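> return a 3D structure for these sequence lines:
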Amino acid sequence: ELGDPDGSCEDFSRAVAEYPSSRAMPDALEGLAACESRRGRTAEASRLQNRLVKDYPDSPAGKRAREHAPSVQGAAP
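Residues are numbered from 1 along each chain as shown. Here you go, the predicted structure:
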């Protein structure tokens, strides 16, 4: 939510947990990874980016994850 980064992070986390087959899952994973990165939880952010690239490689969010972190497993050279 605008002006409430922690609220947004909670929303992303809830969306990932409660709606695993949602078409919005790639965007939720991307948002949650950004939240974890802002919180200094780099290992968790990396895990989420890896999941995004592995599970949703053709989604816009998956492509952005590869572009921003080319070392992410499964990234194109």
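> now the spatially most central residue of the chain: how far from Asp55?
Centre of the chain computed as the mean C-alpha position; nearest residue by C-alpha atoms, centre = their mean is Glu30, 2.4 Å away. For Glu30, the distance to Asp55 under the criterion C-beta to C-beta, to the nearest Å works out to 12 Å. Bear in mind the C-beta positions are built from the backbone N, C-alpha and C, glycine included.
> what about the helices in this protein?
The residue ranges that make up the helices of the chain, judged by DSSP state H, are 5-18, 25-38, 42-55, 60-68.
> out of those helices, which is the most enclosed?
Neighbour counts averaged per stretch over the helices of the chain are highest for helix 25-38, at a mean of 20; criterion: mean count of other C-beta atoms under 10 Å.
> quick one: average confidence on that one?
Averaged across helix 25-38, pLDDT comes to 93.
> for the residue nearest to the centre of the chain, which non-adjacent residue is closest in space?
Sequence neighbours aside, Ala61 is the residue nearest to Glu30 in space, at 4.1 Å (criterion: C-beta to C-beta, 6 or more residues apart in numbering).
> what score does the one you found have for pLDDT?
95.
> so what's it up against?
Ala61 makes contact with Pro26, Asp27, Leu29, Glu30, Leu52, according to C-beta atoms under 8 Å, 6 or more residues apart in numbering.
> and what of Arg39?
Under the criterion of C-beta under 8 Å, 6+ apart, the contact list for Arg39 reads Cys9.
> what's the answer for Met25, then?
The neighbourhood of Met25, defined by C-beta under 8 Å, 6+ apart, consists of Ala15, Val16, Tyr19, Asp55, Tyr56.
> please tell me how far the closest residue to Gly62 other than its chain neighbours sits from Ala15.
Excluding the flanking residues, the one nearest Gly62 by C-beta to C-beta, 6+ apart is Tyr56, at 4.3 Å. According to C-beta to C-beta, Tyr56 and Ala15 sit 14 Å apart.
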